[in-house]
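*Asks:* Could you look at this predicted model? Sequence included:
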Amino acid sequence: MSAPELQADTVLSVEDLSVSYGKVQALEDVDIDVRSGETVAVIGPNGAGKSTLVDTIGGFHEYDGSVRFNGTEVADTSTPELIENGLFYCTERRDLFDFMSVEQNLRLGSYLNGEGEEKRLEEVFDLFPRLEERRSQETQSLSGGEKQMLSLGRGLMSDPEFLILDEPSIGLAPVILQDISEALESIQELSVEILICEQNITFALEHADRLYLLENGSVRRSGTPDSLESDKFVETYIGG
Amino acid sequence: MGIICLGGLAFAPFLLDVLTLRQLTGALFLGMFAMSWDYVSGYTGQLSFGHSMFFAAGGYTAAIANLQHGVTPALAIGMGTAVAALFGIVVGFPALRLRGPYLALITLIIPLILVQITNIFPDVLGGEAGLRSPENLISVGDTAASILTMIGFRRPFDQEVFVYFYISLMLFLGIYALFYVFTRSYVGDIFTAIREDEDAVLASGINPAKFKVFAFTMSGAVGGFAGAAFVHTPVGSPSPGSLLLVVVSIEVVLISILGGMGTITGPAAVGIVYYFVRDILQTTFSHVSMVLFFTLALLVLFFLPKGIIPGLSDLSRKILELRDRRANPTT
Amino acid sequence: MSSHATQSVDGTARTDDVLRLENVTKRFGGVVAVDDLSFSVHDGEILGFIGPNGAGKSTTFNCVSGAFPPTDGTVYYQGEDITGVPQYALVERGLARTYQTFRPLEDRTVLENVSLSMVPNKLFSFSEFRTDVEDRAREICQQVGLTEYMHQMPDELPHAGLLRLEVGRALGTEPDLLLVDEPFAGLTPEEVDRTATLFRSLREDGMTLIVIDHNMHGLLDLVDRVVVISFGEKIAEGTPDEIRNDPTVQEAYLGGEL
Amino acid sequence: LGGTDSSGGSDGVQIGLLAFEPGSAPQGTAQKQAAQMAVDELNDDGGLLGEDIQLHVANYQGDTTTAENRYLEFVVEDGVDMTAGVFRTEVMLDLMDNIAEHQVVHISGGNTSPEVSQFLADDYDQYKYHFRPYGNAVIWVESVAEFAGYMHEEEGWDTVGILNEEFEWTQPFSDDLPGLLEDQGIDVPYNERYPGDTDNFTPLFDSLESEGVDAVLMSMAHTAGPAQIQWRDEERDFAIAGLISQINDPGAHEAFDGATEFAMSNTPGVHKAELSDQTTSFAEDYYDEYGVYPNDAFAYATYDGIKMWAEVVAQEETTDSETIVPALASHTYEGTRGTIEFNGEDSEFPHDAVFGEDRLRRVNFQWQVDDDGEGVQEVIYPDDLATSDYQEPEWF
Amino acid sequence: MVDFVGIAANTLILGSLYALIAIGFTLVFGVAGQANLAHGGTITIGAFTAWYVSGLGYSVWIGLLAATVTGALFHIVLHSLLVKHTEDPVNVLIITLLSWLIIEYSFRAMVGTSPRSVPSMLEGSTSIGGVSFLYNNLLIFVVSWLFIIGLFVFINHTKVGQAIIATGMNEKGAALVGIDTDKITLMVWALAGILAGSAGVLYGTFRAASYDMGMTPLVLAFAIVILGGIGSIRGSILAAYIIGFLEVFTTSAISPRLSGMTALILIILVLLYKPTGLYGRELPT
Ligand SMILES: Nc1ncnc2c1ncn2[C@@H]1O[C@H](COP(=O)(O)OP(=O)(O)OP(=O)(O)O)[C@@H](O)[C@H]1O
Ligand SMILES: Nc1ncnc2c1ncn2[C@@H]1O[C@H](COP(=O)(O)OP(=O)(O)OP(=O)(O)O)[C@@H](O)[C@H]1O
Ligand SMILES: CC(C)C[C@H](N)C(=O)O
Ligand SMILES: [Mg+2]
Ligand SMILES: [Mg+2]
């Protein structure tokens, strides 16, 4: 049990969460929380259940246990309501609108929050000039990395207060990764909470205030980057 | 289960009255048509909404060959099959370029056009009325007739029904076996892979085009063969209503889906049942019969989306599991 | 073999080239995805193929593997001009690839997925006995580390599992040259090592590989040689060390020293 | 056990009627009602051969396979002594072989193509079981042509278009009608056939108008609704006549929401035409029974056919086909529309009813609206039967 | 003699009517990926609603209004009761086909086989440049275009319209940006119901209402959608006019017997040449 004063500013709290796909138990009794202004990373081997976790938080799965965002249970909230409340989730598969232009995709990012759309569009283009170049290209023909940028850009268009990123570094060239790192930092400055699932540990350690290590659907370790870096268990996982 | 059904079919003439037996003969052909659809559409996922073109190609060719050119029935059936196979090739090629609904539309359109063509050339193609029935495949010989009389089939009508039932049953089983063997071989694996993802098939070093054309050709040939044989029996005639109209194509699709796509057995069995259910409703409910019939089909499909046969076996498996669990409550 | 193998525009070609691209260009409307690209791959090597996002790597793979023909230029495989030859025919000739986005057949198990790639591209064939195929498919599953998943459906696989399945399916076609698109994406370092080991062992067995990836730790440790492209053009070529230290590459791709 | 001889026929005289959608379609409903009335009357008079007649009605849904199944149920299962009905030529053609095989008398009630009697002309012995107590389309075409000649004289129909629905029975309208019209000095610039599922007549009517026709002669049995409605709504500048089967039904005016007004058609019988001294009494009895007047060939001929057959059966004291067929073929019967007699074996159309002054006749009527706003089928030709003058649409 | 002005006039009217029918179909097809064959039944429902309402003594305009309601209602019920719970697109196709047949045969049992005339929306006619036009037909043209333009603006220039398209492309993606996809899908169905219901009324005033009136327009709608390219409203309108023209032209200038055929043959040729239709996109695999 965490201390009462910590609970006060908990934005997302996951308690005793279990999720299964038919016979496959993907998550078991997971407890995770994200507090105001924090960046939290979830790391762990392939198939650990990271995507399942964030998918559940995004409202796409039925679950046992409790997942509360801003105090309300996700199961009782529709995905649009979650977005309305400031959550934005960039999925591992990106889920872009393939036959729309880059710009249309971005604009739909601010579907529920049309105010300041133009300004944010400029900001996204500043962050990813490549997207501005490809502004009217059909999304399906973008390269893998370009799609990843667009996915992030679309997330930013909603002016999120709480951003979930599932493997934002996947398929990105090192140069772009640096850009994304910078973008993430500037988002962090806006006191937006961020929950990242990452495989790229260096990237995760660099940005996270706290980390959770997930394995076989359960949390094995959690703590600050410093506390974890010296952890034997994590070390073996990171593999040096 | 299957064995009981087969046994029932084999002894049907001794179990059913002569008119029901005659209807069963017609139902067997519906089953053959449905199987030919399932072979291409159920397996490769290339939806054809105009399979009647093959039945008609076979049936009309055979009838014209026999009626207008005096070709013997057996040869005429062969010619019908060949022409239908040709249709299969002709449709198979666009199927290489067209996917999903695009292909469905093209296949739907072809019989629509054919119907109009038969109307434009009523002299050769018989128009709306269809052609007269060509010669029967065989006639009941004297010795056969006397044997049949001995086992209780006295009237020539009864004897004819008896003989053609067995002919149809042989064709039905032959076609079933043929499709069964093909779909259970690696060819079936490739067909279903094409249905799932053609690019994955390409990446596996298999040319999906070749297999698609093959599927259409073989399905067309078999459908055409059934159509050609059909018109040479006393139950069938080369008319748009029984071979060509869109309704025929749609019924075949409906049967296959109700029976379970990609199973061959399902469409074959449901084809037979379908024929009888429709007829029973028709005679008992007259003009609301079709409303009832389609509502029934809708409910079946809604509650057993995978079709009757797969759906029922799923269901029975579930019930068995449940019973197991009840039997050993500890587990 | 063919005379092509010895003649070349820039004279860099060697007779043991498995694959050679000459002046390959691919345009999509106004976009030039691949721009006059030439390079070659030697027999038995593992070539790294890198470049920024959108540089045209996957497009190059597509042009080579027969997904679509290049707008311009020629592709030679084992000395023969294969420009525009359809993919299935190339697979039959021993050129296979994996996709950046996975496309398993969702309706069948992992084992059956792998088996399919071993099925003959013939309408009537009795030569392949199903048990043989299955044994071989099992072997491949073991080789790529899918033993425990053999009888599961693709949608039950974790990310890495899908990736292995992708490789497994390609292996089923018994390729001589394998093009791999981003095999390390989303893998843990441990998984990256395992995959790299698999590639090395394939190479031991005589296979040639081209690998695209953005994971520089994983890739540069694995490959013998690297070709770097940017905006569709080749900007550098050399050993991993040369590439690591190449200022152009650092600027365009690595974003500083690694 | 299967295959036993079930054609008993011991439980009274039985009649099987193949009707098209009785209860919903006017054609089948008329057939069923007329047959029922004939049978009831016969039974009231003591039945046939000392027993009551039993009527079986089957809906064949306009489909050949269904028709064949129902037909076989009649002859094989029920062992009926006679069958009647069938209004589609296409279906009838298909049944001819079954009739030949089972050798049961069939009295048609609606189908009209000469192709049907062609079977008898080609092979009388095999197909002689079929009778059609109202003739065929060739006669009808003559009657329509005669009417057009009359209108040519009276109303100045100098140019006439022909438009036929694509069905077997309309073939004589396409083939024979133009010649018959031209012989009378009528110009025929337009002669087309259109698909039976047409519902857009605008372009067709445009073409007719641009040919400057005074009238169009149509033959159709399925598309009268849209054709009539569009003709009226678009206020087409030509009269419409011919053989429009659906508007021969006395309920058509109401069914088509009044769109039939001013349209004309040709029929073997309509209740206002005093074709015989029985016409009115039959029509009124029928009206009393069912609340509608009898319809076209479907009601009159079905009724007459059954009565005529019963008369022959009573006379021969058997229902056996081999006795009945020759007897019926040479019988003369006073029916609701005049005297029925069948063409002989060697005529062009064996077993179709004979037409002529003292035999059957055909009439042309027009839908007119009476003072109460009710639609009435007024006979306008031939003169001796006419009940009203031709009315020109007010928009001409 | 070929009457070109008449052909042009008829094409304009027919084409707009076809377009109205087809875009409802394309919306559902493009957005929800569901081929709704019951669209043909909706046309029948719309036409008979207007027939019934005008039979009660109200104006056809009220009938038109009522038909938009019944059309939308039918689609809402169909979708929420059946289609929503059916995953396989092929099953959706067959289930909607069966629903259509049930509607057809129910009307057949209730109203019978004979066609009914829906009163004109506006009586009388006028002559423009020597060709006479029924006011009703001009109205069909105008009303169709009002619906089409309204839809066009809605789809392309409103957020909800974009959400409709987005939902069609990627449902999860749409949910991620906050689109209530269930609501959108239902809305699209209702919208298509409105379009088909009113098309039924227009069709009824133009031709006649009958139980099987949906067949021809549905086959054409299917053809139009595919010729135009799935999901493309622009393509549908163009294709509707092409098909309308061919039908009118063949009937008037070649032979009525070929009227249904030329358009069909053209479709085959176009699709063989351009498998994704005029404005089509590759189907996502
Ligand atoms: N749709 C599904 N059906 C069945 N099992 C699934 C499904 N999706 C995921 N799983 C299983 O659930 C477990 C967790 O998967 P998840 O995708 O959440 O892992 P992950 O940590 O995100 O992995 P990765 O790093 O590879 O993305 C895995 O074992 C996977 O096989
Ligand atoms: N069909 C197409 N139409 C238009 N542009 C295209 C098409 N396919 C690819 N492109 C463009 O070509 C460029 C190269 O794409 P490609 O997928 O080859 O990049 P890549 O090097 O594989 O990048 P990544 O590492 O991000 O996967 C990109 O800018 C992409 O947007
Ligand atoms: C005029 C109608 C009674 C003709 C009928 N439909 C036939 O086929 O012969
Ligand atoms: Mg994941
Ligand atoms: Mg790529």
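*Replies:* Received it, and whenever you're ready, just let me know what you need. Numbering: from 1, shown residues only, chains lettered A, B, ... in the order given. Ligands and ions are numbered 1, 2, ... in the order given.

*Asks:* make it CA atoms for all contacts and neighbour counts henceforth
*Replies:* Noted.

*Asks:* For chain A, which residue gets nearest to chain E?
*Replies:* In chain A, no residue comes nearer to chain E than A:Pro80, which is 3.9 Å away by Cα to the nearest Cα.

*Asks:* List the contacts of the spatially closest residue to that residue that is not a sequence neighbour.
*Replies:* Counting by Cα to Cα, 6 or more residues apart in numbering or on different chains, E:Gly178 is the residue found nearest to A:Pro80 once chain neighbours are left out, at 3.9 Å. Applying Cα atoms under 8 Å, 6 or more residues apart in numbering or on different chains to E:Gly178 gives the contacts A:79-84, A:111-112.

*Asks:* What mean pLDDT does stretch B:259-275 get?
*Replies:* Confidence over stretch B:259-275 (mean pLDDT, whole number) is 93.

*Asks:* from the chain's centre, how far out does that stretch sit?
*Replies:* Distance of stretch B:259-275 from its chain centroid, counting by Cα atoms, centre = their mean, to the nearest Å, is 9 Å.

*Asks:* contacting residues around that stretch?
*Replies:* By Cα under 8 Å, 6+ apart, the residues outside stretch B:259-275 that reach it are B:24, B:27-28, B:30-32, B:34-35, B:38-39, B:41-43, B:176, B:179-180, B:252, B:255-258, B:306-311.

*Asks:* Just the element for B:Asp279, please.
*Replies:* Per DSSP states H and E, B:Asp279 falls inside helix B:265-285.

*Asks:* Could you list which of the contacts of E:Gly178 belong to helices?
*Replies:* Residues of those located in helices (DSSP state H): A:79-84.

*Asks:* quick one: what helix or strand has C:Leu37 in it?
*Replies:* Under the criterion DSSP H and E, the helix or strand holding C:Leu37 is strand C:31-42.

*Asks:* Is ligand 2 within reach of that strand?
*Replies:* Yes: shown here: strand C:31-42 in contact with ligand 2 (Cα under 6 Å from any ligand atom) through C:31, C:33.

*Asks:* Which positions in that strand come out as buried?
*Replies:* Applying a neighbour-count criterion of 16 or more other Cα atoms under 10 Å in any protein chain shown, one finds C:32-42 buried in strand C:31-42.

*Asks:* who touches A:Ile176 in this structure?
*Replies:* For A:Ile176, the contact set (Cα under 8 Å, 6+ apart) comprises C:52-53.

*Asks:* Repeat that for D:Ala148.
*Replies:* When contacts are counted by Cα under 8 Å, 6+ apart, D:Ala148 touches D:157, D:181.

*Asks:* one step back: closest to chain B among the contacts of E:Gly178?
*Replies:* Nearest to chain B among the contacts of E:Gly178, counting by Cα to the nearest Cα, is A:Thr79 at 28.2 Å.

*Asks:* Now do the same contact list for the closest one.
*Replies:* Applying Cα under 8 Å, 6+ apart as the definition, the contact partners of A:Thr79 turn out to be A:58-60, E:175-176, E:178, E:180.

*Asks:* What about the residues you listed, which one has the most neighbours?
*Replies:* Sorting the contacts of A:Thr79 by how many neighbours each has (other Cα atoms under 10 Å in any protein chain shown) puts E:Leu176 first, at 29 neighbours.

*Asks:* Any chance of the backbone angles for that residue?
*Replies:* Per-residue torsions, E:Leu176: phi -60, psi -30 (degrees, to the nearest 10).

*Asks:* That one is in contact with A:Phe88, isn't it?
*Replies:* Yes: because the distance of 7.1 Å satisfies Cα atoms under 8 Å, E:Leu176 is recorded as touching A:Phe88.

*Asks:* May I ask which two of the ones in helices among the contacts of E:Gly178 are separated the most?
*Replies:* For the ones in helices among the contacts of E:Gly178, the maximum inter-member distance is 8.5 Å, found between A:Thr79 and A:Glu84 (Cα to Cα).

*Asks:* secondary structure class for the residue of the stretch 101-250 of chain C found nearest chain E?
*Replies:* The stretch 101-250 of chain C approaches chain E most closely through C:Arg103 (9.7 Å), counting by Cα to the nearest Cα. Per DSSP: H, G, I helix; E, B strand; the rest coil, the local secondary structure of C:Arg103 is coil.

*Asks:* Same question for the one 5 residues further on.
*Replies:* Under three-state DSSP, the three-state class of C:Arg108 is coil.

*Asks:* Contacts only, for the nearest residue to it once chain neighbours are set aside.
*Replies:* Taking Cα to Cα, 6+ apart, and ignoring the residues beside it in sequence, C:Arg108 has C:Met153 as its nearest neighbour in space, at 6.0 Å. Contacts for C:Met153 (Cα under 8 Å, 6+ apart) come out as C:106-110.

*Asks:* domain assignment for chain A?
*Replies:* Per the record's domain assignment (automatic domain parsing), chain A is made up of the domains A:7-86+A:161-171+A:185-240, A:96-159.

*Asks:* right, and these - which one's nearest B:Ile110?
*Replies:* Counting by Cα to Cα, B:Ile110 lies closest to domain A:96-159 out of those; the figure is 31.2 Å.

*Asks:* Give me the distance between the two termini of the closest one.
*Replies:* Its start and end residues considered, domain A:96-159 measures 18 Å (Cα to Cα, to the nearest Å).

*Asks:* if we can go back for a sec, how much space separates the closest residue to the residue of the stretch 101-250 of chain C closest to chain E other than its chain neighbours from B:Leu86?
*Replies:* The shortest distance from C:Arg103 to any residue other than its chain neighbours is 6.3 Å, reached at B:Ala200 (Cα to Cα, 6+ apart). Counting by Cα to Cα, the gap between B:Ala200 and B:Leu86 amounts to 29 Å.

*Asks:* Of the two, which one has the most company?
*Replies:* For B:Ala200 and B:Leu86, the more surrounded residue by other Cα under 10 Å is B:Ala200, and the numbers stand at 24 against 20.

*Asks:* Might one say that that one is in contact with C:Thr101?
*Replies:* No: under the criterion of Cα under 8 Å, B:Ala200 makes no contact with C:Thr101, lying 11.5 Å away.

*Asks:* Output the below-cut-off pLDDT ranges for chain B.
*Replies:* Counting by pLDDT under 70, the ranges of chain B that qualify are B:1, B:326-331.

*Asks:* Just the closest residue of it to ligand 1, please.
*Replies:* Among the residues of chain B, B:Glu196 lies nearest to ligand 1; the distance is 17.1 Å by Cα to the nearest ligand atom.

*Asks:* Which pLDDT value belongs to the residue of the stretch 1-150 of chain E found nearest chain C?
*Replies:* Closest residue of the stretch 1-150 of chain E to chain C, Cα to the nearest Cα: E:Asp88 (13.6 Å). Per-residue confidence at E:Asp88 stands at 83 (pLDDT).

*Asks:* ok, it - how many residues close by?
*Replies:* By the measure other Cα under 10 Å, the count of residues near E:Asp88 is 12.

*Asks:* any idea how far it is from D:Asp158?
*Replies:* From E:Asp88 to D:Asp158 the distance is 62 Å (Cα to Cα).

*Asks:* Centre-most residue in chain C?
*Replies:* C:Leu179 (0.8 Å; Cα atoms, centre = their mean).

*Asks:* element containing that one?
*Replies:* With the criterion set as DSSP H and E, the secondary-structure element containing C:Leu179 is strand C:177-181.

*Asks:* avg pLDDT for that strand?
*Replies:* 94.

*Asks:* helices and strands around that strand, which ones?
*Replies:* When contacts are defined as 3 or more Cα pairs under 8 Å, 6 or more residues apart in numbering or on different chains; DSSP states H and E, strand C:177-181 sits against strand C:95-97, strand C:208-212.

*Asks:* Quick one: check the longest one for contact with chain A.
*Replies:* No: among the residues of strand C:208-212, none lie within reach of chain A under Cα under 8 Å from any Cα of the partner chain; the closest is 10.1 Å away.

*Asks:* Report the buried residues of the helix or strand following that strand.
*Replies:* For strand C:208-212, the succeeding helix or strand toward the C-terminus, using DSSP H and E, is helix C:216-222. Of the residues in helix C:216-222, those buried under the neighbour-count criterion (16+ other Cα under 10 Å) are C:216, C:218-220, C:222.
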